[in-house]
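[1] sequence plus predicted model, see below.
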Amino acid sequence: MAEIIITLKIMPESPEIDWEELKLKSKKIIEDANGEVGKEYLEDIAFGIKALFLIFIRDESLGSADNIADEISNIDGISSAEITDIRRAIG
């Protein structure tokens, strides 16, 4: 099976969130689900609120990554976590 590249958008409940703690917790969830984070960035949304984007690789045979988004959305201080893009890695 091929690998897939997944983009996950994480929205906080407020702008005062501890981004480093959020990154560590989110990456741990992804790694526990056999994923490997390759890129991360913050994007301004509005009124001081930013979204954290994590782009990670996972084997396609493991199935849907919806459970990862669900688990991350249960972290304290998170409003939502959603998969915004999935692509099959070529090469």
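    That came in fine, so what should we check first?

[2] now the longest helix anywhere in the chain: buried residues?
    The helix that spans the most residues within the chain, counting by DSSP state H, is helix 19-32. The neighbour-count check on helix 19-32 (16 or more other Cβ atoms under 10 Å) flags 22-23, 25-27, 29-30 as buried. Bear in mind the C-beta positions are built from the backbone N, C-alpha and C, glycine included.

[3] same thing with stretch 49-67?
    Buried, per 16+ other Cβ under 10 Å, within stretch 49-67: 50-56, 58, 65.

[4] same question for it, mean pLDDT?
    Mean pLDDT, stretch 49-67: 93.

[5] how far away from the center of its chain is that stretch?
    5 Å (Cα atoms, centre = their mean, to the nearest Å).

[6] ok, now stretch 75-91?
    4 Å.

[7] any chance you could list what contacts it?
    2-14, 17-18, 22, 25-26, 53, 57, 60, 65-66, 69-70, 72-73 (Cβ atoms under 8 Å, 6 or more residues apart in numbering).

[8] just to revisit the earlier point, as PDB, could you dump the C-alpha coordinates of the following helix or strand past the longest helix of the chain?
    For helix 19-32, the succeeding helix or strand toward the C-terminus, using DSSP states H and E, is strand 35-46. Output of strand 35-46 as PDB, limited to C-alpha atoms (Å, rounded to 0.1, in the frame of the first residue of the first chain):
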ATOM      1  CA  GLY A  35       1.900   8.700  11.700                       C
ATOM      2  CA  GLU A  36       5.000  10.900  11.300                       C
ATOM      3  CA  VAL A  37       4.600  14.700  11.400                       C
ATOM      4  CA  GLY A  38       6.600  16.300   8.700                       C
ATOM      5  CA  LYS A  39       5.500  20.000   8.800                       C
ATOM      6  CA  GLU A  40       3.700  22.300  11.300                       C
ATOM      7  CA  TYR A  41       2.700  25.900  11.000                       C
ATOM      8  CA  LEU A  42       0.400  28.500  12.600                       C
ATOM      9  CA  GLU A  43      -2.000  30.500  10.400                       C
ATOM     10  CA  ASP A  44      -3.800  33.700  11.500                       C
ATOM     11  CA  ILE A  45      -7.600  33.300  11.400                       C
ATOM     12  CA  ALA A  46      -9.200  36.300  13.000                       C
END
